[in-house]
Each structure stands twice: as C-alpha cells, then as structure tokens.
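>>> pasting a predicted model and its sequence here:
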Amino acid sequence: MKRTIVVVLAVIIAAIGGAPAYSYGRPVLSGEVGIEVVSDRGTVFQAIPHKDFWTGGTRVSKRYLEALKGEKYGIVITNKTSERVGVVIAVDGRNIITGKRSELRNNEGMYIVNACETARYNGWRTSNDQVHRFYFTNEADSYTVKTFGDSSAMGVIAMAVYREKEQPRPLIEEKKREGSNAPAAPSAGKSLNGTNRQLAKESAGTGFGDAQYSPVVTVQFEPERNPVQKTLVKYEWREVLCRKGILSCNREAGNRLWDEDGYAPYPPGYPRN
C-alpha cells in the first residue's frame, strides 16, 4: 500500500477576543476527514465503531481498534473536503509534534492537510527533519509513561479537525519530499500468534521507536476556535477487546452430526459404578 506523504507543520495564531467559531453566512464544511491506523506492511488495523454524536458544532466519533504488540504503525489522515484543514493529533494523550499534554485545542501544534489529499504521520516529531516511530507496546514501555509518567489517556489515538478562518498566503513554499512514494520500511516488531493471557492484564501503549527522516515546513494557518470534528480511537489488545465484548471471540458452533463429542452421557440420577 503506497500513499503520498504530505507533512506540513503549522504556525498557530491564537484567536483573539470572543469571535464566534464560524463566520456568519459561511457554508457548512462539506465532507469529512478520515483517520486510519496502518501497519508498515500496509495493513489497515480494524476499527470498530462505538459512538457517533454531536456536541455543539463538533461531530465526535469514538471507535475501538485491535493493536498488535511490537507492530510499527502510521496514522493516515484523508481530507475528503474542499478546504485545507488543520489537524491536532495526540497519541496516549500527548501531541505528536510537541510531546506536550494535549487537550486537542486550537493553540496546539498541528499538521495541515490540503483539500482532497492524504497524509501519513509515522512518529513523534523530534526536529524539522525527523520523527521517531510509533509502535504498539505495553504501558510501561510507552513513550508517555517512560518520559512523562502520564497514563491519563493511555491507549487513545485522537484527532481534532480545525477549519481555517481565512486563506492567507503561505509564508514558506512546501518542500517536495524525495522518495515520498517509497514503500515504508518493514516492521521490526513481531505480531502475536496465539493467545497471550498476560496482555489482557496490561494496557496497550505507543513506544518511541527508531528515527525516520520526515521533513516539514512552516506555513501560516489561523484555525477557528472549535473543531468541526473529533475522532477518538481506543486501541486495545485482542484479549481485552474479547473480554469487554467489543469483539465476538466465542468458539464457533459445532456441527451436531459431524463433530465427535465423546461417549454417550449417563441419564440424570442413574447410578454409576
């Protein structure tokens, strides 16, 4: 699975005064911004819808996702609207650009995704030219716990989508990435085979993996006060999803004429030798 990577870092200009979230007479944003979690092998992790509702002018979607321990992944954002948008992305409660505690607000570091384009974000940003890879791991090994001792939003990939107040000219032209269509590096982690009961006792988290070249540029972008969309993805180990009833993990019903169930049972109350 090959995707063009469009990565642009935004300069956030805080809203001043009590300006409304939407300009009067401005049309409603048509379309949505999609989010997928994709492994380095190109596999899209299964997302299971949980809740979908509106609060104020923000559409909120909640879903579950099955994580595979040790698997490297990227967050793929698809802008299906006719406007460029700003997206604040947090993993385990931390902004993936700054590492700071995230509340998904409009004054945080955000990426810009142009209209009808797709972008992939593979890790924690440590410079203008580098990120460190996301990979699924246990809570103790997660970047958030190891670095900040914070588990308050463990196991959640969150995205808030902001419209732009105006359309200013870019301050800096976007760089053209060489080799942006190259296939992602193979995963160094191993997928789990079989049932590991220990995973059901621990929370899934995201680690701070190997460095990867990922240049960005700064552009001017003034977001509206409130997001038009929020998507929250709660990722868990399969055993946890089974225990919570999110996944149906019951044994398949047997065939009464085909399967061998052993010997004939005694009638109730029949004495046994």
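Happy to help now that I have it.
>>> quick one: secondary structure of residue 145?
helix (DSSP: H, G, I helix; E, B strand; the rest coil).
>>> just the helices in the stretch 51-200 of the chain please.
143-148 (DSSP state H, counting those that start in this stretch).
>>> now do the strands in it.
Assigned by DSSP state E, counting those that start in this stretch, the strands in the stretch 51-200 of the chain fall at 58-66, 72-79, 85-91, 94-95, 111-113, 118-121, 123-127, 130-138, 156-162.
>>> neighbouring contacts of the fourth one?
Strand 94-95 has contacts (Cβ atoms under 8 Å, 6 or more residues apart in numbering) with 88-89, 100-102, 108-109, 124, 143-144, 148, 150. In short, each C-beta sits where N, CA and C put it, glycine included.
>>> just the buried ones from those residues, in ChimeraX syntax?
Only the buried members of those enter the following ChimeraX selection, criterion being 16 or more other Cβ atoms under 10 Å:
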select :88,89,102,108,109,124,143,144,148
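>>> out of the contacts of strand 94-95, which is nearest to residue 237?
residue 144 (17.2 Å; Cβ to Cβ).
>>> which residues does that closest one contact?
91-94, 150-151, 153-154, 205-206.
>>> just send those back as JSON lines, with distance to residue 61 too.
As requested, the contacts of residue 144 are exported to JSON lines (distance: Cβ to Cβ, whole Å):
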{"residue": "91", "distance to residue 61": "17"}
{"residue": "92", "distance to residue 61": "19"}
{"residue": "93", "distance to residue 61": "18"}
{"residue": "94", "distance to residue 61": "21"}
{"residue": "150", "distance to residue 61": "24"}
{"residue": "151", "distance to residue 61": "24"}
{"residue": "153", "distance to residue 61": "17"}
{"residue": "154", "distance to residue 61": "20"}
{"residue": "205", "distance to residue 61": "22"}
{"residue": "206", "distance to residue 61": "20"}
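>>> of those residues, buried ones?
When these are checked for burial by 16+ other Cβ under 10 Å, the buried set is 91-94, 151, 153-154, 205-206.
>>> sorry, back to before: switch the contacts of strand 94-95 over to a markdown table; also include pLDDT.
Formatted as a markdown table, the entries for those read as follows, by pLDDT from 0 to 100:
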| residue | pLDDT |
| --- | --- |
| 88 | 98 |
| 89 | 98 |
| 100 | 97 |
| 101 | 97 |
| 102 | 98 |
| 108 | 97 |
| 109 | 96 |
| 124 | 98 |
| 143 | 98 |
| 144 | 97 |
| 148 | 97 |
| 150 | 95 |
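>>> from the contacts of residue 144, pick the one nearest residue 40.
Once Cβ to Cβ is applied, the member of these that ends up nearest residue 40 is residue 206, at 14.2 Å.
>>> my guess is the closest one meets residue 92, correct?
Yes. Counting by Cβ atoms under 8 Å, residue 92 is a contact partner of residue 206 at 5.5 Å.
>>> any idea how far the residue nearest the centre of the chain is from residue 233?
Nearest to the mean C-alpha position of the chain, by Cα atoms, centre = their mean, lies residue 157 at 3.9 Å. As judged by Cβ to Cβ, to the nearest Å, residue 157 and residue 233 stand 4 Å apart.
>>> now residue 97
18 Å.
>>> could you do residue 224 as well?
Taken as Cβ to Cβ, the span from residue 224 to residue 233 is 23 Å.
>>> more neighbours, the two?
residue 233 (23 against 20; other Cβ atoms under 10 Å).
>>> list the contacts of the more buried one.
Per Cβ under 8 Å, 6+ apart, neighbours of residue 233: 35, 37, 47, 63-65, 156-158.
>>> try residue 33
So residue 33 contacts 77-81, 85, 87, 113, 159, 161, 229, 231 (Cβ under 8 Å, 6+ apart).
>>> with residue 50 instead?
62-64, 234, 246.
>>> quick one, which of the residues you listed are buried?
Buried members of these, scored by 16+ other Cβ under 10 Å, are 62-64, 234, 246.
>>> mind picking the lowest-pLDDT entry from these?
Within the buried ones among the contacts of residue 50, the minimum per-residue pLDDT falls on residue 246 (92).
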